[in-house]
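Novice: build me a model:
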Amino acid sequence: MKSLTMQGAKILATGSAVPDSSLSNSQMSEIVQTSDEWIVTRTGIKERRLLTGMNQSVIDLAVLASMKALDKISMNPSEINLIILATSTPNDLFGSASQVQSKIGAINAVAFDLTAACSGFVLGIVTACQFLQNGSYRNVLVIGADTLSKWIDWSDRSTCILFGDAAGAMIIQSCSKENNSILNFQLNTNGNYADYLSISYQEQVNPHPILNLYQGAFKYVSMNGKEVYKFAVSQVPLSILKCIDSLNISINDIDWLLLHQANERILTAVAEKLCINTNKIISNLSKYGNTSAASIPLALDEALQINKISHNDIIVISGFGAGLTWGTVIIRWKAF
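Specialist: Numbers count the residues shown, from 1 in each chain. So this is what the prediction gives:
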């Protein structure tokens, strides 16, 4: 674990975007055998947003969230030096960040995709800070965006009730030590349990008749919900505690707990393990469901819009999910 305390990286602005089309639990009960009570009791989700219509992709949401962040600080897109698009649902398997770069007019930006599913945005922040720390770039746009509705088996009740589509963006700029926002981070991976949550590749049964080459396609989202829950509740608090301890601060110093919006029971269980009052949990899960890499920046942007977060508040941000990967970033919010 490497401390970022000595480097300067400040968050300038956030933005978010969700599709217009919503799907309530009642509507969901017309698709699979379920009910509003069943879903809310087990997940806390009441509705989710879906990207519908022809020729709509994760790029559209990412562009909209990015432009909102840029507009908040009246920044010209040409001032962005680097774009990191955290997504597991690109519009192109080779990556979608370059298309976002083109559409927002960030003509001076290098752009690449980062794939870490629900931990993607946390890894995106940490990656951005490395470039800022070593002086390579001054302004970095980090985007978390996913459209998992396109990769759901809508006859599978265990997964189709959970996921929604969204995007969130954050602009981070290098700064002096005194204005530093990113206090520390802690990251982990355990690939032994990758099959707990995956969109796996399946080869065709018969090979190419001449080349003996097996081709195939990606399947739908597959998840072992019980094991993912156990993993998150056991490992996320440990990650947070390591981060807090390294900064010599206490749980009482934490103003807000912002976790990946996977399941309300996970959010509550993690807070209880850390002895953090549930009033400090930032959550919009009920409105959007699990939006993967978009969930953290979407919830942060909405909390800022309603002035829930104040200057100098300390926010613990943790992502967890497929890989299995998990990580924590602790920030001190600076109102610029």
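
Novice: got the contact list for residue 26?
Specialist: Residue 26 makes contacts with residue 36, as judged by CB atoms under 8 Å, 6 or more residues apart in numbering. Every residue, glycine included, has its C-beta placed from N, CA and C.

Novice: confirm that it sits in a helix.
Specialist: Yes - under DSSP: H, G, I helix; E, B strand; the rest coil, residue 26 falls within a helix.

Novice: against residue 327, how distant is it?
Specialist: For residue 26, the distance to residue 327 (CB to CB, to the nearest Å) stands at 36 Å.

Novice: shouldn't residue 25 be in contact with residue 41?
Specialist: No - contact criterion CB atoms under 8 Å: residue 25 and residue 41 do not qualify, at 10.7 Å.

Novice: could you dump stretch 17-26 to CSV, C-alpha only?
Specialist: Taking Å, rounded to 0.1, in the frame of the first residue of the first chain, the C-alpha atoms of stretch 17-26 are listed here in CSV:
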residue,chain,number,x,y,z
ALA,A,17,-26.0,10.6,-16.3
VAL,A,18,-28.8,8.0,-16.3
PRO,A,19,-31.1,6.8,-19.0
ASP,A,20,-34.7,8.2,-19.2
SER,A,21,-36.3,4.8,-19.2
SER,A,22,-37.0,3.2,-15.8
LEU,A,23,-38.1,-0.2,-14.8
SER,A,24,-39.9,-0.6,-11.5
ASN,A,25,-40.2,-3.7,-9.3
SER,A,26,-43.8,-4.0,-10.3
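
Novice: give the buried residues for it.
Specialist: Residues of stretch 17-26 classed as buried under the neighbour-count rule (16 or more other CB atoms under 10 Å) are 17, 18, 19, 23, 25.

Novice: ok, stretch 199-214 next?
Specialist: Within stretch 199-214, the residues that count as buried by 16+ other CB under 10 Å are residue 199.

Novice: what lies in contact with it?
Specialist: Residues beyond stretch 199-214 that count as contacts (CB under 8 Å, 6+ apart) turn out to be 88, 151, 215, 216, 217, 218, 219, 220, 221, 222.

Novice: tabulate those (TSV), appending neighbour count, pLDDT and secondary structure.
Specialist: As requested, these are exported to TSV (neighbours: other CB atoms under 10 Å; pLDDT from 0 to 100; DSSP: H, G, I helix; E, B strand; the rest coil):
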residue	neighbour count	pLDDT	secondary structure
88	23	96	coil
151	16	95	helix
215	11	88	coil
216	11	90	strand
217	8	91	strand
218	12	90	strand
219	13	92	coil
220	17	94	coil
221	22	94	coil
222	15	93	strand
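
Novice: can you tell me which of the residues you listed is nearest residue 284?
Specialist: Top of the list for closeness to residue 284, among the contacts of stretch 199-214 and by CB to CB, is residue 88 at 20.2 Å.

Novice: isn't the closest one up against residue 114?
Specialist: No - here residue 88 does not reach residue 114: they are 9.7 Å apart, not a contact under CB under 8 Å.

Novice: name the residues contacting each of the two.
Specialist: Joint contacts of residue 88 and residue 114 (CB under 8 Å, 6+ apart) are residue 120.

Novice: need the contact list for residue 274.
Specialist: 237, 240, 241, 251, 257.

Novice: which members of the residues you listed are positioned in helices?
Specialist: Judged by DSSP state H, the contacts of residue 274 include 237, 240, 241 as members of helices.

Novice: mark which of those are buried, thanks.
Specialist: Applying 16+ other CB under 10 Å to those flags 237, 240 as buried.

Novice: any chance of the ones in helices among the contacts of residue 274 in CSV, with distance to residue 69 too?
Specialist: Shown next, in CSV, are those (distance: CB to CB, whole Å):
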residue, distance to residue 69
237, 30
240, 26
241, 31
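
Novice: among the ones in helices among the contacts of residue 274, which one lies nearest to residue 312?
Specialist: The nearest member of the ones in helices among the contacts of residue 274 to residue 312, counting by CB to CB, is residue 240 at 19.5 Å.

Novice: any idea which element the residue nearest to the closest one when sequence neighbours are not counted lies in?
Specialist: Residue nearest to residue 240 in three dimensions, not counting chain neighbours: residue 328, with 5.2 Å by CB to CB, 6 or more residues apart in numbering. Residue 328 belongs to strand 325-332 when elements are defined using DSSP states H and E.

Novice: got the CA coordinates for that strand in PDB?
Specialist: Written as PDB, here are the backbone C-alpha positions of strand 325-332 (Å, rounded to 0.1, in the frame of the first residue of the first chain):
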ATOM      1  CA  THR A 325     -11.400  -7.100  -6.700                       C
ATOM      2  CA  TRP A 326     -11.900  -4.500  -3.900                       C
ATOM      3  CA  GLY A 327     -10.400  -1.300  -2.800                       C
ATOM      4  CA  THR A 328     -10.700   1.900  -0.800                       C
ATOM      5  CA  VAL A 329      -9.900   5.500  -1.400                       C
ATOM      6  CA  ILE A 330     -10.200   8.100   1.400                       C
ATOM      7  CA  ILE A 331     -10.800  11.700   0.300                       C
ATOM      8  CA  ARG A 332     -11.100  15.000   2.100                       C
END
